[in-house]
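Colleague: Here is my input, please return the structure:
(chains A, B, C and D, ligands or ions: 4)
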Amino acid sequence: MNMESTKNAVFPKGVDPTRIKPYGDTMNDGQVQLSFSLPVPMGPEAREAARRIAGRMGLKEPSIYHETDLGHGFSYFIVYGKCTHTIDFSAIVVPKIDMEVMGFHEIEHFMEKHFDRRIRVVGACTGSDAHTVGIDAIMDMKGYNGEYGLERYPTFETINMGSQVSNETLLARIVEFKADAVLVSQVVTQKDVHLSNLAELVDMVEAQGVRQDLLMICGGPRISHEVALELGFDAGFGPGTKPNHVAGYIAQELVRRRRS
Amino acid sequence: MNMESTKNAVFPKGVDPTRIKPYGDTMNDGQVQLSFSLPVPMGPEAREAARRIAGRMGLKEPSIYHETDLGHGFSYFIVYGKCTHTIDFSAIVVPKIDMEVMGFHEIEHFMEKHFDRRIRVVGACTGSDAHTVGIDAIMDMKGYNGEYGLERYPTFETINMGSQVSNETLLARIVEFKADAVLVSQVVTQKDVHLSNLAELVDMVEAQGVRQDLLMICGGPRISHEVALELGFDAGFGPGTKPNHVAGYIAQELVRRRRS
Amino acid sequence: MKTSKLGLDFEKVDAARAAASEIAASVMDFAAKRTTTSVERATLRMMGVEGADAEGVHWVNRVVDSPTGRDLLAHGLSVPFADAVARTGMDASETARAVAAGSVEMAMPSGEALEHAVAAAEDLAADSFRRIRTQRSRRQESLAELGEGERPLLYVIVATGNIFEDVDQARVAAKAGAQVIAVIRSTAQSLLDYIPEGPTTEGFGGTFATQANFRIMRDALDEVSREEGRYIRLCNYASGLCMPEMSCLGAMERLDVMLNDALYGILFRNINMQRTLTDQRFARLAAAAGGFIINTGEDNYLTTADAAKSEHTVLASDLINEQIALRCGLQPEQLGLGHAMQMNPWSEDMFLKEVAMAQLVREVFPGCPIKYMPPTKYMTGNIFRGHVQDALFNMAAVMTDQGIHLLGMMTEAMHTPHIHDRYLALESGAMIRQAARHLGDEIEFKEGGIVRGYAAEVLENTCALLEQIRREGLFDAISRGVFADVRRHMDSGRGLDGVALRADDYRNPVESMLSLMAGVKGE
Amino acid sequence: MKTSKLGLDFEKVDAARAAASEIAASVMDFAAKRTTTSVERATLRMMGVEGADAEGVHWVNRVVDSPTGRDLLAHGLSVPFADAVARTGMDASETARAVAAGSVEMAMPSGEALEHAVAAAEDLAADSFRRIRTQRSRRQESLAELGEGERPLLYVIVATGNIFEDVDQARVAAKAGAQVIAVIRSTAQSLLDYIPEGPTTEGFGGTFATQANFRIMRDALDEVSREEGRYIRLCNYASGLCMPEMSCLGAMERLDVMLNDALYGILFRNINMQRTLTDQRFARLAAAAGGFIINTGEDNYLTTADAAKSEHTVLASDLINEQIALRCGLQPEQLGLGHAMQMNPWSEDMFLKEVAMAQLVREVFPGCPIKYMPPTKYMTGNIFRGHVQDALFNMAAVMTDQGIHLLGMMTEAMHTPHIHDRYLALESGAMIRQAARHLGDEIEFKEGGIVRGYAAEVLENTCALLEQIRREGLFDAISRGVFADVRRHMDSGRGLDGVALRADDYRNPVESMLSLMAGVKGE
Ligand code: B12
Ligand code: B12
Ligand SMILES: Cc1ncc(COP(=O)(O)O)c(C=O)c1O
Ligand SMILES: Cc1ncc(COP(=O)(O)O)c(C=O)c1O
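Modeller: Residues are numbered from 1 along each chain as shown, chains lettered A, B, ... in the order given. Ligands and ions are numbered 1, 2, ... in the order given. This next block holds a predicted model:
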């Protein structure tokens, strides 16, 4: 969770923030390492093909550090080259979760101040995804990385439905429980199955007419806040998330919504 | 020394030789791994900058696998993405050393058949380069990787000048020895010092008027035949070269030249 | 007397094993009294029912799920089905189709017809048994002829989702030194109550396990085995709701290794424990008959439980699994017990503890080829660090003389392996195996040191835990969340509706034949 | 009695050391009878001559190369120079300029003037000695206050060619856990017979070693040391044709470690052996005075010689280097003896042999912080494999309780490290150090095993070799190509023209002061 902007930070000497390039050992040398396989048998032409791929990627002086004949018509390359592209760092704007990171006690205090009832949160790992460690890290009593999970917060009332939960089952529970927030975990991302699972839930929640009363939050190792927004969620949390980040966000966001 | 062309080889199923792409686990998925540092402090913008660099390189769906705050304004990224570029493999033509690989005895036989005198070869590692292992591998009695070095061939007369030899000293020796071939090793390549060293020697040899009588061969871990040709050498040998490759090339090329 | 590099107290080991044996006996007893839809489907497959309907549902499912199928479940379907075959004069598959269509009715014969039907069932299954025997001897011959290379056997996964792509990846892996190729199954195939038919090209995080896919890969590996001059083993899953059928297919298609563990399904897939333990009994009989190695699932436990507190649960479960397997006729050399400790690679002396555990499991199961694995949970997107972490485990595997080493992949945290990920993992595994070849022989662990102390402590805790499970029973232990920190209950979880108490007249000639072949006293 | 994990025969070690001691005595004797241009330049630097001419040639070079400088070489320049300073009333640098311009002449004073000049020379050098003492105590204080972290100390190189870029890289390395930062020198600076002046930004394969660069990096590391709460050592080279001067600068600028080895120059740079052994004597007196660690160059030998046949030459050379160093007043804890075995990581039991050698060198030199290194020659462009190779050596370093570990870089075969190469190397080094923390304490090597046998064999060969060198002398041994498979001769190689036999009236008060400070009986 690196949520603070670093746009006004101090740069190493010689850096022009409007023209950022990769760095190896000399400012603006553009040094980049890459590796890939090609479905062509090893040989001088394969080597040249690898070099050309790197060239097409905009790498100057691509240099084949290593080549392996993988056999059966495949070859593997490790290539270094000098990236010619530059990025205007000063123009980058990244949507960020608008919140202050608080600790357990701070959050409890905040909640007691703003709410006179417990906030209801339901969580699940959906689809055929059986990876519970992530959602448990956020919800379980025992918590994660030294932070208590949501179950431990007296001001939250939680249901952790576990894994392999279908969107239908989850929606039913959201409605029945009158959940204020739903937490969806998606770990398996093969063929972008996580994206379709998540998008489907949003559609179903909207069809049910409960979207505006529900804070929709997703998370997982390949989830970012940006991806979450694109999918129609309110927030997304990636690797390294701690329970207090999520609890704090829910608290602050619900207050904000009440105000607006 | 992978000198045979593989252009007519059999490709894995689903490969279109005119549109070759990197391969991870699904034909034409374009999977590429890359890593680089940026001279910007770690944070959401740095992450986005890394993603954009990958995007500019033509990688679809660039995904940040790992990020490290290196401190002092630097950040490090490991990124995967799907290369959108394709290469026309069938159009690749790589200049190759025109020779047949022969063994010690075969070469000796060939030499005895074609020459009635010993062929004179002088070798050196030039400039301030002190890496003798490469040139010794080619020239030393004891040889390399199970192949005898040039000194062991009765049909060659050799001088190994060792390392740190200036181009002046080398040229003087070439002239004095009436060398048929010169072998130059270059290992240190920082700031392309090898290229300037080698190009200088060619200029000096030409100025001296002995270029046409001299087979000029260079080698080293970052040397390829193509680079050698560009520099005005007759041939270049890279990593993995064995002494018999070089001996065989000299023998065959000298005969070819006599004919033409 | 046995010698131990850890100074183990083998009386403790014996005590633990005795407790595990009692636990296993009661589980087996429970399972032997029941049958399941999947057991019966497996039986029908063995009797030659092949093919699927237009929707891809296999005829064995259609037969078992037909109204009479359901009615007859508690009595066993093989005899009524054999009777129907005999009656109609059609072959098994045709009969199945007819039963499914409702045009033929099954019923439990009695008297002389019963004995005829039993004999007919045995006849129908004869081909499958012949096939299994042929496959066993082919494996033996290939191993004798080609060998399989140095130990630990390097085990890698392929998981593209497309069986043809898997074949390419497997060939490349074999060339790079792989000795066991595991085709990872599409996510949650465990939960499918049928086995898809035919070659498949669209899986998630793995490739569907189908009979056709088994065969395609086996053929490819046979070819590669000849090219490489080394028999290359094929691994897949006999796990989940179709465990018995998968195990039979594995025996018929000459899989050499199959993941097979009821506890995995219970804990990680929420499959009902009655169902899957019953299935497991039949599946392991088939495994014993097929002569393949099974891999148990203990390597998964510490991904959810705390590694620093629960190492002993892994060893306890290994012992239970061993005892169950032995009772199904499996030989020790077929028991690829799961082992992965999931210790944080940054914790002090982690490597010593890992070595202690790896050595412990070797010494407790000297005759079994442990499936030794590096921790997967501590892998991150930092592939360079991950590659080094895996290298530490390559070293530990050689130091402790493991039989099978499932190689970690540096990209483990992020994607199923790309073609070169596997290559690089194999390169590291082979290099370290070579460079540290005799390290295990060479070193001794100091008395009173960390390694010996840790092993002794874990053994002690294992004894205590098994003693407790012996008293309360495995089912209750699972309900208490002893394994993997996951709680499951007797009557919850998927597949319970497919379980039936065997009726007094339950007959299953195929099971008897399997038992016979497995060297287990039949019912 | 000493204990050995290898069951070493310490009588053999004593015999080897006794032979090395005789060899060292005769080398030191040879060196003490000579001086060199570089010794005299170092002397003048110590006396306060600073700055360079318009072409960047330092005034000490100008003085020594001036006609009278050359004439007086055999007599020592410090006294005539001090005499000139006294005569002209200018300061040392001004006098040097005048001497270089020919406007002031140097001459060897005699009688009372001689004694005055000697005193004047001592006075002129007093500042430098004060500075050296201050730097020593600053190092001691910082180490006492901040400590320097766990062992082995992780040693990494920076080599961008640009001192300012080096600083950035060093800061990042320190944050990632580096404990020693070595600034690699521009290629072939060894062959320069002068030290460039001022900050430099254009080097090949490294950054020029200059006094200004030393200072810039030391300041940066002092800052980082405070930030990290850990004293970070700085390393550079006192090697090549300017060895004595570099060593003095190192002492003055608080370098903590310097590569310093005549044999490296002889073998790998073709520097004349008389020259560099003479230089080395003075350089090591300065090192002893400066209290920094020297690193010797044996780690280079097996890049050219065959590792499988020549391990004993490394140990033999280490012993000779030790004895030479002790005679120069260095303390055992200042001897970072070079060690790298360059064994093919794919060869059987390579790891066992590596551990044997690493343990051997620790036991033969229990008081010395060996500079332990992975093989560099077997690195290739396969960075993933290289990273694993290096990890094996991280493990070996911890197993054998090394003091300083020069970390391998996965890109070693191809380029000097990029900023993240170093980060990843440090990550691996630190992780393995942590994970295998007490492995060395924990394991014992079996009697009659490979590890013990290999160590005993190498020790045996070392004894035999040293005995032979004792008989023939070091110079002849070098001519025979004993070390690194390279032959060099008494009168060939660079820098011979800078050597002079000391005349009877040779005086060098600075050398005497250094000897005094080094605790060595002066001449
Ligand atoms: C443990 C594990 C398992 C266990 C799961 C046990 C369990 N009950 O969870 C077992 C062994 C059962 C398992 C099985 C499989 N797994 Co798995 N598994 C892993 C492993 C090793 C670790 C995952 C983990 O626990 N991470 C630790 C947690 C704490 O991290 P996290 O999930 O990222 O969660 C954090 C954040 O992302 C965030 N977060 C997560 N969810 C949410 C939700 C919300 C609302 C919020 C706010 C935050 C949040 O907060 C958490 C704390 O910071 C990973 C590899 C790896 N090293 O990551 C593979 C991995 C995830 N598995 C994988 C696969 C493919 C499978 C299988 C499908 C393989 C197969 N075909 O058989 C099977 C089947 C399971 C299934 N269908 O889901 C792949 C997924 C590939 C992909 N990208 O699609 C991985 C990456 C391994 C690989 N390279 O192949 N697996
Ligand atoms: C051994 C070695 C040394 C030894 C050299 C001993 C000696 N007498 O040769 C020592 C320790 C002295 C040394 C010192 C230095 N080294 Co050095 N060294 C290496 C090392 C580890 C191995 C090189 C080697 O021997 N390879 C084995 C031989 C057989 O391979 P090869 O040279 O490629 O030769 C083969 C082919 O290329 C070809 N070939 C080569 N030459 C020729 C010539 C002809 C005519 C033909 C036909 C073929 C041919 O055939 C050979 C056989 O197949 C490499 C790293 C590595 N792993 O490669 C660094 C490396 C080459 N060194 C390097 C550097 C920078 C230095 C120093 C300059 C560092 C410094 N600033 O102090 C010093 C100074 C030496 C100098 N100025 O040259 C860098 C070069 C970076 C670059 N690309 O510019 C490297 C890559 C290490 C690194 N990453 O920093 N080094
Ligand atoms: C014993 C066992 N069975 C099955 C599986 C996974 O299969 P599925 O995704 O079908 O549940 C695993 C995964 O590690 C396992 O260990
Ligand atoms: C003792 C010693 N001195 C000097 C050097 C390198 O310095 P140069 O390039 O100036 O010869 C090395 C390189 O490894 C070394 O080991």
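
Colleague: Verify the stated contact: C:Tyr454 with C:Val355.
Modeller: No. Contact criterion CB atoms under 8 Å: C:Tyr454 and C:Val355 do not qualify, at 9.1 Å. Where you see a C-beta, it was placed from the backbone N, CA and C, and this is true even at glycine.

Colleague: which of these two has more neighbours?
Modeller: The neighbour comparison of C:Tyr454 against C:Val355 (other CB atoms under 10 Å in any protein chain shown) goes to C:Val355, with 30 against 21.

Colleague: so which strand or helix has the more buried one?
Modeller: C:Val355 is located in helix C:350-364, with elements delineated by DSSP states H and E.

Colleague: Mind giving me the packing neighbours of that helix?
Modeller: helix C:10-32, helix C:307-327, strand C:338-339, helix C:383-399, helix C:450-472, helix D:419-435, helix D:439-442 (3 or more CB pairs under 8 Å, 6 or more residues apart in numbering or on different chains; DSSP states H and E).

Colleague: Report the inter-axis angle for the second one versus helix C:350-364.
Modeller: What separates the directions of helix C:307-327 and helix C:350-364 is an angle of 20 degrees, with axes from the mean of the first three to the mean of the last three CA atoms, to 10 degrees.

Colleague: Can you list the buried residues in helix C:307-327?
Modeller: By neighbour count with 16 or more other CB atoms under 10 Å in any protein chain shown, helix C:307-327 contains the buried residues C:307, C:310-327.

Colleague: what does the fifth one give?
Modeller: By neighbour count with 16+ other CB under 10 Å, helix C:450-472 contains the buried residues C:450-456, C:458-459, C:461-463, C:465-467, C:469-470.

Colleague: continuing past it, what's the next helix or strand?
Modeller: Criterion used, DSSP H and E; the element after helix C:450-472 is helix C:474-479.

Colleague: how about the CA coordinates for that next one, as CSV?
Modeller: Output of helix C:474-479 as CSV, limited to C-alpha atoms (Å, rounded to 0.1, in the frame of the first residue of the first chain):
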residue,chain,number,x,y,z
LEU,C,474,-10.2,-38.5,12.3
PHE,C,475,-13.6,-37.0,11.6
ASP,C,476,-13.7,-35.1,14.9
ALA,C,477,-10.2,-34.0,14.5
ILE,C,478,-11.1,-32.5,11.1
SER,C,479,-14.1,-30.8,12.7
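
Colleague: before we move on, the earlier item: any chance of JSON lines for the helices and strands packed on helix C:350-364, columns distance to C:Thr88 and mean pLDDT?
Modeller: Shown next, in JSON lines, are the helices and strands packed on helix C:350-364 (distance: least, CB to CB, whole Å; pLDDT from 0 to 100):
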{"stretch": "helix C:10-32", "distance to C:Thr88": "32", "mean pLDDT": "98"}
{"stretch": "helix C:307-327", "distance to C:Thr88": "38", "mean pLDDT": "97"}
{"stretch": "strand C:338-339", "distance to C:Thr88": "46", "mean pLDDT": "96"}
{"stretch": "helix C:383-399", "distance to C:Thr88": "56", "mean pLDDT": "98"}
{"stretch": "helix C:450-472", "distance to C:Thr88": "49", "mean pLDDT": "98"}
{"stretch": "helix D:419-435", "distance to C:Thr88": "67", "mean pLDDT": "98"}
{"stretch": "helix D:439-442", "distance to C:Thr88": "70", "mean pLDDT": "96"}
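
Colleague: Looking from ligand 4, tell me which residue of the stretch 301-450 of chain C is nearest.
Modeller: Residue nearest to ligand 4 within the stretch 301-450 of chain C: C:Ala435 (24.9 Å; CB to the nearest ligand atom).

Colleague: for A:Ser35, phi and psi?
Modeller: With angles defined as degrees, to the nearest 10, A:Ser35 sits at phi -150, psi 150.

Colleague: let me fix that: C:Ile271
Modeller: Backbone dihedrals for C:Ile271, given as degrees, to the nearest 10, come out at phi -90, psi 140.

Colleague: Tell me which strands the longest strand seen in chain A pairs with, and in which orientation.
Modeller: Using DSSP state E, we find that the single longest strand of chain A is strand A:59-71. Strands that pair with strand A:59-71, judged by DSSP bridges, come out as strand A:74-83 (antiparallel).

Colleague: For the helix or strand just after the partner strand, which residues meet the burial criterion?
Modeller: Downstream of strand A:74-83, the first helix or strand assigned by DSSP H and E is helix A:104-114. Buried residues in helix A:104-114, counted by 16+ other CB under 10 Å: A:104, A:107-108, A:110-111.

Colleague: number of nearby residues for A:Asp116?
Modeller: A:Asp116: 5 neighbours (other CB under 10 Å).

Colleague: cool, C:Glu150 as well?
Modeller: 15.

Colleague: try C:Pro375
Modeller: Neighbours of C:Pro375 using other CB under 10 Å come to 24.

Colleague: cool, C:Ser137 as well?
Modeller: Residues near C:Ser137, counting by other CB under 10 Å, number 11.

Colleague: Next up, identify which helix or strand it is on.
Modeller: When elements are assigned from DSSP H and E, C:Ser137 belongs to helix C:111-146.

Colleague: angle of the helix or strand that that helix is followed by against helix C:419-435?
Modeller: The first helix or strand that comes after helix C:111-146 along the chain, using DSSP H and E, is strand C:153-158. Strand C:153-158 and helix C:419-435 meet at an angle of 170 degrees, taking the same axes, to 10 degrees as the criterion.

Colleague: what's strand C:153-158 in contact with?
Modeller: C:166, C:169-170, C:173, C:177-184, C:207, C:233, C:235, C:257, C:369, C:371, C:403-407, C:409, C:416-417, C:422, C:425-426, C:429-430, C:433 (CB atoms under 8 Å, 6 or more residues apart in numbering or on different chains).

Colleague: try 6 Å
Modeller: C:166, C:169-170, C:173, C:177-180, C:182-184, C:404, C:406-407, C:422, C:426, C:429 (CB atoms under 6 Å, 6 or more residues apart in numbering or on different chains).

Colleague: Likewise for stretch A:217-232?
Modeller: A:95, A:97, A:183-187, A:189, A:198-199, A:202, A:233, A:235-239, A:241.

Colleague: Show me which positions of that stretch end up buried.
Modeller: For stretch A:217-232, a neighbour-count test (16+ other CB under 10 Å) marks A:217-225, A:227-228, A:231 as buried.

Colleague: contacting residues for the residue of chain C found nearest chain B?
Modeller: Closest residue of chain C to chain B, CB to the nearest CB: C:Gly381 (3.2 Å). Contact partners of C:Gly381, counting by CB under 6 Å, 6+ apart, are B:65-66, B:78, C:413-414.

Colleague: Phi and psi next, for A:Thr18.
Modeller: The phi/psi pair for A:Thr18 (degrees, to the nearest 10) is phi -90, psi -10.
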